[in-house]
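> Structure for this input, please:
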Amino acid sequence: MILKNFIKNYFKHFCVLILFCFISLLYFSPVLQGKKILQNDIVQYSGMAKQQSDFREKTDSETYWTNGAFSGMPTYQLGAKYPHNYIKKLDL
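Numbers count the residues shown, from 1 in each chain. Okay, the predicted model is just below:
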């Protein structure tokens, strides 16, 4: 009797839960297949910072100007490393 009442009371909830799981799996199936959204800003950043990265690898020093974007621009927005940036060391 208790089991019948339990099934009667919670069967709808169980069905909705299964339906929700099925819809979630269906909605996120591209992600589960390993597909990713192309993040254009990351692609553009990689292209803009390539000159800076190549210079850093070649000379083991920093350049604070790049010609890779906007006919030249400072590299502080592209992740330039400054020698006396003590605030960055505090930023954990």
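
> Report pLDDT for Leu19.
pLDDT recorded at Leu19 is 98.

> Following the chain past the helix or strand Glu57 falls within, name the next helix or strand.
Element membership of Glu57 [criterion: DSSP states H and E] is helix 40-59. Using DSSP H and E, the helix or strand that follows helix 40-59 in sequence is strand 65-66.

> partners of that following strand in the sheet?
When pairing is defined by DSSP bridges, strand 65-66 lines up against strand 73-74 (antiparallel).

> In PDB, could you pull the C-alpha coordinates for the strand or helix carrying Lys89?
In the assignment (DSSP H and E), Lys89 maps to helix 86-90. Taking Å, rounded to 0.1, in the frame of the first residue of the first chain, the C-alpha atoms of helix 86-90 are listed here in PDB:
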ATOM      1  CA  TYR A  86      54.800  44.100  -8.200                       C
ATOM      2  CA  ILE A  87      51.000  44.300  -8.300                       C
ATOM      3  CA  LYS A  88      50.900  41.200 -10.600                       C
ATOM      4  CA  LYS A  89      52.900  39.300  -8.100                       C
ATOM      5  CA  LEU A  90      50.300  40.100  -5.400                       C
END
